[in-house]
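*Asks:* Predicted model follows, preceded by the sequence.
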Number of protein chains: 2
Amino acid sequence: MSGFGLDHLPYGVVRFEGRNRPVVRYTDRLLDLSTIDRELFAGGTLDALLAAGRDTWRQIRTAAAEAIQADRTPLLPLADAMPVLPYTVADYVDFYASEHHATNAGRIFRPGAEPLTPNWKHLPLGYHGRAGTVVVSGTPVHRPRGLFPSAAGPLEYAPTRKLDFEAEVGFVVGAASESGVPIAVENFPEHLFGLTLLNDWSARDIQGFETAPLGPHQGKSFATSVSAWVTPLDALERAWRPPPPRDVAPPRHLDDCDLPGGLDLELTVSINGTVVSRPPFATMYWTAGQLLAQLTSNGAPARSGDLLGSGTVSGPDRDQFGSLLELSWNGTQPIRVGDGTRTWLEDGDEVLLTASAPANDGGRLDLGEVRGRVSPARAAVR
Amino acid sequence: MSGFGLDHLPYGVVRFEGRNRPVVRYTDRLLDLSTIDRELFAGGTLDALLAAGRDTWRQIRTAAAEAIQADRTPLLPLADAMPVLPYTVADYVDFYASEHHATNAGRIFRPGAEPLTPNWKHLPLGYHGRAGTVVVSGTPVHRPRGLFPSAAGPLEYAPTRKLDFEAEVGFVVGAASESGVPIAVENFPEHLFGLTLLNDWSARDIQGFETAPLGPHQGKSFATSVSAWVTPLDALERAWRPPPPRDVAPPRHLDDCDLPGGLDLELTVSINGTVVSRPPFATMYWTAGQLLAQLTSNGAPARSGDLLGSGTVSGPDRDQFGSLLELSWNGTQPIRVGDGTRTWLEDGDEVLLTASAPANDGGRLDLGEVRGRVSPARAAVR
């Protein structure tokens, strides 16, 4: 059985015969959702569905499954349709929830210091990224320019020499929360519509120069790629796992130690067809419920369309690291890709993120892939 | 003459008789812009105007001035109308463009170290803030909760004890730029629709605990207040000034040393009616043109509705500092407010930002004020 069976039915939007059509994907065919609810999908995006809340999500999912099973409606061929970004990204917040990744990054960026900053185990750290440059899988990513010290010493404004990927999971917020009312950590399923994969493209030289004291900005803001398909939470009933043990008790508003808030997603990262890593999402220290609880803990509401990145998913082992920063240890240890090696991404390289999870029927489902090819830097303006 | 004369005509949106109406403000009266162009303002926001570009901005401004002078259309009384947030905030990016502020903050947060990080004079540093919590002047701001070490030592999740304002200028992007094509530093007037004041409310204890290594996040993301009125760039022809001398040459893509890219705006900050600071915007190290050039320098496009904060405006003198962090030197030196003193904001305090600038007719105009009162923290969820 394909990873896109009846137990999955992820949502997306495709351009087909001149119109953007919200659809669910079933194997390699698509059900046009306007046949289920014309009004809800009239905008040509998933925005109204996301905002409508969990009861509607379940009604639409049930109706879509029934329509497919009854073979009532002709399905569109996936091959003829071009997926587009299926929802309007409200705010994009990228977290840093993998202890293995944060430890690796700390060792690389702050050698000699404690790898984890003193706050790391007390709250899921995150920062706002650029919502306007979130792009759908398949969109080429131009090598960005930026300001960084060159090998020779002087500062230059040039195309990055340290282009990287970050393999992440994206959480798509559906129902907004109320301003001033934090989301309780166990209530995240009321607000979280579904999951995607996410590639947080990163230019390590630009990021390295800019990052103190305000954090990453233009080393990241040029592009973030997400899946064309959003896997609804209802398709992941059998994927929940207890989070890894925490050696520091989380604060009370983040206490989910009794909840199976972790997720058994097995990611793979490929460059030009060579698998370079298999990050296990179940090793993530902070859970989706904690990310939403923390995001809203200061009274800020979650908005429909908010996109939360998990942060780079890295496991404990070398072949489970979710970025070239870690895989090549900041460019010092090349990894094998096809017949050659890589420390950082080269022009023409294609990065592919995939993931599978336990499906409700006992098999496995595939999250929508994230694919992106590196295009050369564009000509400088001056 | 009021600061809202014919030479000013800032834009806003008011709720009046059950509808949101885009208007221009003339003294204490409002011209309904749907009388000028029904279609452009049908959405009840300024969004379509912003996106339309500079020629349209000028046509509408000229037509509005003519309609007011000809006394053709009855004007609405400002007193009967409730201003709302006039545009949809796309991405919100907050910069850090005052050398005096960055130096003060460095001295306070990193005592013993160089106050400015090594990157500071090479590019305008900034970070993305939360677009979803930008609110219009007059909106009460609840004291946020967060996680920080208490005086006693242990970490607690509690209402902030160090609530602060930051007096800033906001730049509202109108015409989007093309993906991959950075905005040349001298071309910012093609993209920048206008100016507002901006209060970047800050919880210094939450910010202090979270900020390494990813930058400020939830110490800021609970609320950002902006003016109800956007002053168009065309009203500021006589306000441009040469930027202050730079002791480090900016990189070529940010070189505006021959342009009068600075702005002569005189800000005042009041708490409960006591003026506590008069920050001079003309002292800002980085200019609006440089902020837009840097934002787009990695290929990320500027979107219509992007809001750029200048960062706290602080002059060289003690009575020109734009935050309580600096005015009370991190709570160690109380300042006088009315009959009492303040180190940080108390519940019930009202912060008012105002600013004036040279007007085209030789007088002065007033930017739209930003007013916000601190409400007590809301009850905790758990």
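*Replies:* Alright, I've got the coordinates.
*Asks:* So which residues on the stretch 1-150 of chain A come close to chain B?
*Replies:* Neighbours of chain B within the stretch 1-150 of chain A, by C-beta under 8 Å from any C-beta of the partner chain: A:90-91, A:96, A:106, A:109-110, A:117, A:119, A:122-123, A:125-133, A:142, A:144-147. In this view, the C-beta of every residue, glycine as well, is placed from N, C-alpha and C.
*Asks:* make it 6 Å
*Replies:* A:90-91, A:117, A:119, A:122-123, A:125, A:127-128, A:130-133, A:142, A:144-147 (C-beta under 6 Å from any C-beta of the partner chain).
*Asks:* In strands, which of these fall?
*Replies:* Residues of the residues of the stretch 1-150 of chain A next to chain B located in strands (DSSP state E): A:Y127, A:H128, A:H142, A:R145, A:G146, A:L147.
*Asks:* residue contacts, the last one?
*Replies:* For A:L147, the set of contacting residues under the criterion of C-beta atoms under 6 Å, 6 or more residues apart in numbering or on different chains consists of A:Y157, B:L123, B:P251.
*Asks:* how about 10 Å then?
*Replies:* Listed by C-beta atoms under 10 Å, 6 or more residues apart in numbering or on different chains, the contact partners of A:L147 are A:155-158, A:205-206, A:209-210, A:218, B:119, B:122-123, B:251, B:253-254, B:294, B:297-298.
*Asks:* What's the PyMOL line that selects buried ones from those residues?
*Replies:* Selecting the buried subset of these in PyMOL, with 16 or more other C-beta atoms under 10 Å in any protein chain shown as the burial test, is done by:
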select buried, (chain A and resi 155+156+157+205+206+209+210+218) or (chain B and resi 119+122+123+251+253+254+294+297+298)
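*Asks:* Give me the subset of the contacts of A:L147 lying in helices.
*Replies:* Among the contacts of A:L147, the residues falling in helices (DSSP state H) are A:D205, A:I206, A:F209, A:E210, B:Q294.
*Asks:* any chance of these in JSON lines, with distance to B:P10 and pLDDT too?
*Replies:* Output for those, formatted as JSON lines (distance: C-beta to C-beta, whole Å; pLDDT from 0 to 100):
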{"residue": "A:D205", "distance to B:P10": "42", "pLDDT": "97"}
{"residue": "A:I206", "distance to B:P10": "37", "pLDDT": "98"}
{"residue": "A:F209", "distance to B:P10": "38", "pLDDT": "96"}
{"residue": "A:E210", "distance to B:P10": "34", "pLDDT": "97"}
{"residue": "B:Q294", "distance to B:P10": "27", "pLDDT": "98"}
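*Asks:* if we take those residues, which one ends up nearest to B:L259?
*Replies:* Proximity of the ones in helices among the contacts of A:L147 to B:L259, judged by C-beta to C-beta, is greatest for B:Q294, which lies at 15.0 Å.
*Asks:* Quick check: closest non-adjacent residue to the closest residue to chain B within the stretch 151-300 of chain A.
*Replies:* Nearest to chain B in the stretch 151-300 of chain A, going by C-beta to the nearest C-beta, is A:G215, at a distance of 2.4 Å. Distances taken as C-beta to C-beta, 6 or more residues apart in numbering or on different chains put B:G215 closest to A:G215, at 2.4 Å, once the chain neighbours are dropped.
*Asks:* what does the stretch 201-350 of chain A put close to chain B?
*Replies:* Counting by C-beta under 10 Å from any C-beta of the partner chain, the stretch 201-350 of chain A comes close to chain B at A:203, A:206, A:208-223, A:248, A:251-255, A:293-306, A:311.
*Asks:* For the stretch 101-250 of chain A, which segments are assigned as strands?
*Replies:* Per DSSP state E, counting those that start in this stretch, the stretch 101-250 of chain A carries strands over the ranges A:126-129, A:134-136, A:141-142, A:145-149, A:155-159, A:163-164, A:167-173, A:192-199, A:202-203, A:224-226, A:231-232, A:240-241.
*Asks:* how many other residues sit next to A:F171?
*Replies:* Number of residues near A:F171 (other C-beta atoms under 10 Å in any protein chain shown) recorded here: 25.
*Asks:* export the ones in helices among the contacts of A:L147 to TSV and tack on distance to A:F41?
*Replies:* Shown next, in TSV, are those (distance: C-beta to C-beta, whole Å):
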residue	distance to A:F41
A:D205	43
A:I206	39
A:F209	45
A:E210	41
B:Q294	39
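*Asks:* out of those residues, who's nearest B:D80?
*Replies:* Distance to B:D80 across the ones in helices among the contacts of A:L147 (C-beta to C-beta) is lowest for B:Q294, with 42.4 Å.
*Asks:* Need the phi and psi values for the residue nearest to that closest one when sequence neighbours are not counted.
*Replies:* Take B:Q294 and drop its neighbours on the chain: the residue closest to it by C-beta to C-beta, 6+ apart is B:P124, 5.1 Å away. Backbone torsions of B:P124, given as degrees, to the nearest 10, read phi -70, psi 110.
*Asks:* tell me how far the ends of stretch A:3-18 are from each other?
*Replies:* 28 Å (C-alpha to C-alpha, to the nearest Å).
*Asks:* can you give me how far that stretch is from the chain middle?
*Replies:* Stretch A:3-18 sits 18 Å away from the centroid of its parent chain (C-alpha atoms, centre = their mean, to the nearest Å).
*Asks:* do stretch A:217-227 as well
*Replies:* Worked out by C-alpha atoms, centre = their mean, stretch A:217-227 lies 11 Å from the chain centre.
*Asks:* Average pLDDT for it, rounded please.
*Replies:* The average pLDDT within stretch A:217-227 is 98.
*Asks:* now could you export just the CA positions of that stretch as CSV?
*Replies:* Output of stretch A:217-227 as CSV, limited to C-alpha atoms (Å, rounded to 0.1, in the frame of the first residue of the first chain):
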residue,chain,number,x,y,z
HIS,A,217,18.1,36.5,10.5
GLN,A,218,19.3,36.9,7.0
GLY,A,219,21.3,33.7,7.0
LYS,A,220,17.9,32.1,7.1
SER,A,221,15.3,34.5,5.7
PHE,A,222,16.0,33.9,2.0
ALA,A,223,13.9,30.7,1.8
THR,A,224,12.1,28.0,3.9
SER,A,225,10.6,25.1,2.0
VAL,A,226,7.6,23.1,3.2
SER,A,227,5.7,20.1,1.9
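*Asks:* which ones are touching the nearest residue to A:E369 once chain neighbours are set aside?
*Replies:* Counting by C-beta to C-beta, 6+ apart, A:E369 lies nearest to A:T354, which is 5.0 Å off, once chain neighbours are set aside. For A:T354, the contact set (C-beta under 10 Å, 6+ apart) comprises A:3, A:167, A:197, A:227, A:266-270, A:275, A:278, A:366-371.
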